[in-house]
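S.K.: Need a 3D model of the following:
(one chain, ligands or ions: 1)
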Amino acid sequence: MQVLRIIYIPFDHLHRQFGALKLADKKHDVIVLVESARMTSGRKWHKERLFFLISSARHFAQELRTEGFTVEYIKAATTIDGLTAVASKYNGLPIICAQPSSFTQMKQLQDFGVEFIENDFFLTPRSLFTQWADKQKNFLMESFYRAQRIRLSILVEGNEPAGGAWNFDKDNRLPPPKKYEGPNYLKHARDEIDLEVAKELDHTPTTTWATTRKGALAQLRNFIDNHFAEFGPLEDAMTTDNWALHHSLLSPYLNNNLLHPSEVIHAAVKAFNTGNIPIESAEGFIRQIIGWREYVNGMYWFLGSDYRNNNQLAANRKLLPLFRDPDATQMNCVKQTVSDINSRAWVHHIPRLMVLSNLAVITGTNPQEFLDWMREVFIDASEWVMVPNVIGMGVHADGGQMMTKPYAAGGAYISRMSNYCKGCVYNPKLRVGDTACPFTTLYWDFLDRQKESFVKNHRMSQQIFGLKRLSDLPELKLRAVEVLEGLEKGEI
Ligand code: SF4
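M.R.: Predicted coordinates for the structure are as follows:
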């Protein structure tokens, strides 16, 4: 074999038919994956997350070897150290890679002289997103999503939406049914590679996450066959009876590319065309894939590398202990959410947004500390997804570049959409007193503290106006001080 090229595969480019591998040639290419110590031990990563990423990459390397490729799986201090070693072994041959998925990796690889081919791991090329964004006055996801439906010809009849509406959210806001069990989740058996990775990490993995293409495809099939039809109406509900309801659990595989979004969409549209999937479920799920996910990736690149440093609400509180330790709070919603994260590195979008991010925004938690924590603990927390989702959507630290108003809410929302409040020492209806719900107290305190920031925001005027009707505002402000001190001490 005469090696002519080195193909570098980052741990989130694990697809045989996309990225640099689609051009690969067994006779002349050597495939390189680098497991860097900086990646494994540089931060307090959730071990389930590390396990998933590393074991998926090792399985992928193994599958390429079985197919007949020469594969170098290198352990090194950093990615660049690994590439330096392989470049020296192969006498400085050119290194090819699909454009990586973060600004930091893009710069590191560019500086090292890696040649890029276009990143085709999304349905929207970066240049196409820029063309769309350049024409917008504001960057409404909904406008992008409708354009995607037409461009990709999904759930449309000509230029009109199938079913007569672009969005069926009004049907998709059911609270959790009582004692809801639903179908079982898939369990993924562990093999030798998994056990080896688990041992190295000193971790006992769950059976929740697949680490192979075969397992990821089984997860997709399981969602389509057993969960898709009921996904929509319960997609925002939270319950202690059932940890995922009908969520697909596909985001980790989409984000490390064991599955390509086109494969997921193809399966979803095919199932919808059988007539067995209600449109509110089909539309709600398809929007996540062709709308929200593509939009967030597009915005990450469009907004630039400094966007992650935004702190326009001047929020400087250190990360509260309850984010890492469920025993550091009596708030049942937070306790349950953080316990679930500690168990399997995942909760769905509503606890992420309306419990965790909501708490970060109303307590004035520093956006970068919160972002770092979110990156560390979720199985699917790629940089490109977490930066816009946290800085823009979650904590409104960007001055409204992405969202017109913050997702701040009191306990009433959580009470309506979950069964958490029934088992809580606090009362979501109360805003003052020892048993007042901290969300309710801090929501009003946040609006009062930030009222000058929102004075020109007409979408916030009703909420700010509501402050004027609070006869107990002075008492509430005193309770808010107590709550914030208690949260810092881990006593609330
Ligand atoms: Fe959470 Fe408040 Fe409900 Fe307790 S009462 S579970 S703190 S929303």
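
S.K.: what ranges do the helices span in the stretch 51-200 of the chain?
M.R.: Listed in chain order, the helices of the stretch 51-200 of the chain (DSSP state H, counting those that start in this stretch) span 79-89, 103-112, 126-134, 141-152, 192-201.

S.K.: Let me know which of those helices is the nearest to the ligand.
M.R.: Nearest to the ligand, of all those, is helix 141-152, at 26.7 Å by C-beta to the nearest ligand atom. Yep, even glycine has a C-beta here, placed from its N, CA and C like the rest.

S.K.: Now do the closest one: everything it contacts.
M.R.: 123-124, 132, 136, 154-156, 159, 161, 166-167, 265, 287, 290-292, 294-295, 298 (C-beta atoms under 8 Å, 6 or more residues apart in numbering).

S.K.: hmm, which of those residues are the buried ones?
M.R.: Buried residues within the contacts of helix 141-152, defined by neighbour count using 16 or more other C-beta atoms under 10 Å: 123-124, 132, 154-155, 161, 166-167, 265, 287, 290-292, 294-295, 298.

S.K.: Can you flag which of these belong to strands?
M.R.: Using DSSP state E, the subset of the buried ones among the contacts of helix 141-152 located in strands is P161.

S.K.: Now name the helix or strand holding W301.
M.R.: According to DSSP states H and E, W301 maps onto helix 294-303.

S.K.: Report the rounded mean pLDDT for that helix.
M.R.: On average, the pLDDT along helix 294-303 is 97.

S.K.: So which elements touch that helix?
M.R.: If you count contacts as 3 or more C-beta pairs under 8 Å, 6 or more residues apart in numbering; DSSP states H and E, helix 294-303 packs onto helix 126-134, helix 141-152, helix 383-386.

S.K.: Which one of those lies nearest to T239?
M.R.: helix 383-386 (24.9 Å; C-beta to C-beta).

S.K.: would a markdown table of the helices of the stretch 51-200 of the chain with distance to the ligand be doable?
M.R.: Compiled in a markdown table, these are given as follows (distance: least, C-beta to the nearest ligand atom, whole Å):
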| stretch | distance to the ligand |
| --- | --- |
| helix 79-89 | 41 |
| helix 103-112 | 36 |
| helix 126-134 | 36 |
| helix 141-152 | 27 |
| helix 192-201 | 33 |
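
S.K.: For V387, find the nearest of those.
M.R.: With C-beta to C-beta as the criterion, V387 lies closest to helix 103-112 of those, at 9.2 Å.

S.K.: ok so, going back, between the buried ones among the contacts of helix 141-152, which is nearest the ligand?
M.R.: For the buried ones among the contacts of helix 141-152, the nearest to the ligand is W292 (25.1 Å; C-beta to the nearest ligand atom).

S.K.: For the residue nearest to the closest one when sequence neighbours are not counted, grab the count of nearby residues.
M.R.: Distances taken as C-beta to C-beta, 6 or more residues apart in numbering place M141 nearest to W292, at 6.3 Å, with adjacent residues excluded. Using other C-beta atoms under 10 Å, M141 is surrounded by 17 other residues.

S.K.: got it, and the one 3 residues further on?
M.R.: For F144, the tally of surrounding residues (other C-beta under 10 Å) stands at 22.

S.K.: before we move on, back to that, distance check, the residue nearest to W292 against M393.
M.R.: 9 Å (C-beta to C-beta, to the nearest Å).

S.K.: now Y295
M.R.: On the measure of C-beta to C-beta, Y295 and M393 end up 10 Å apart.

S.K.: And for K26?
M.R.: From K26 to M393 the distance is 44 Å (C-beta to C-beta).

S.K.: who has more neighbours, the two?
M.R.: Shown here are K26 and M393; by other C-beta under 10 Å, M393 has more neighbours (21 against 13).

S.K.: tell me the SS of that one?
M.R.: Using DSSP: H, G, I helix; E, B strand; the rest coil, the three-state assignment for M393 comes out as helix.

S.K.: let's number from 857 now, not from 1
M.R.: Okay, using 857 as the starting number, the last item reads as M1249.

S.K.: Now it. Nearest residue, chain neighbours left out?
M.R.: Distances taken as C-beta to C-beta, 6+ apart put M1259 closest to M1249, at 5.5 Å, once the chain neighbours are dropped.

S.K.: okay, now that neighbour: neighbour count?
M.R.: Neighbours of M1259 using other C-beta under 10 Å come to 18.

S.K.: Quick one: residues contacting it.
M.R.: G1248, M1249, H1252.

S.K.: How is the spatially closest residue to A1054 that is not a sequence neighbour assigned, secondary-structure-wise?
M.R.: Counting by C-beta to C-beta, 6+ apart, the nearest residue to A1054 once its immediate chain neighbours are dropped is P1061, at 5.2 Å. Secondary structure, three-state DSSP: P1061 is coil.

S.K.: Spit out the contact partners of P1061.
M.R.: E904, F907, R1046, D1050, A1054 are the contacts of P1061 under C-beta under 8 Å, 6+ apart.

S.K.: Quick check: chain neighbours aside, which residue is closest to F1179?
M.R.: Among residues not flanking F1179 along the chain, W1229 sits closest, at 5.5 Å (C-beta to C-beta, 6+ apart).

S.K.: Correct me if wrong: the one you found contacts L1175.
M.R.: Yes. Taking C-beta atoms under 8 Å as the definition, W1229 is a contact partner of L1175 at 5.7 Å.

S.K.: Those two: which is more packed in?
M.R.: Each of W1229 and L1175 has its neighbours counted (other C-beta under 10 Å); W1229 has more, 22 against 16.

S.K.: Which residues are in contact with that one?
M.R.: Applying C-beta under 8 Å, 6+ apart to W1229 gives the contacts L1175, F1179, R1180.

S.K.: which element is the residue lying closest to the first one once chain neighbours are set aside on?
M.R.: What it means is L1175. Nearest residue to L1175, sequence neighbours excluded (C-beta to C-beta, 6+ apart): E1225, at 4.4 Å. Using DSSP H and E, E1225 sits within helix 1223-1233.

S.K.: Centre of the chain to stretch 1129-1139, how far?
M.R.: 24 Å (C-alpha atoms, centre = their mean, to the nearest Å).

S.K.: residues in contact with it?
M.R.: Stretch 1129-1139 has contacts (C-beta under 8 Å, 6+ apart) with 1011, 1018-1019, 1022-1024, 1027-1028, 1084-1089, 1124-1125, 1127-1128.

S.K.: Any figure for the gap between T1185 and P1108?
M.R.: According to C-beta to C-beta, T1185 and P1108 sit 27 Å apart.

S.K.: which of the two has more neighbours?
M.R.: Using other C-beta under 10 Å, the more surrounded residue of T1185 and P1108 is P1108, with 26 against 22.

S.K.: Can I get the helices of the stretch 907-1056 of the chain in a markdown table including mean pLDDT and distance to D1290?
M.R.: What follows is the helices of the stretch 907-1056 of the chain, written out as a markdown table (pLDDT from 0 to 100; distance: least, C-beta to C-beta, whole Å):
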| stretch | mean pLDDT | distance to D1290 |
| --- | --- | --- |
| helix 935-945 | 96 | 52 |
| helix 959-968 | 97 | 46 |
| helix 982-990 | 95 | 49 |
| helix 997-1008 | 95 | 41 |
| helix 1048-1057 | 97 | 43 |
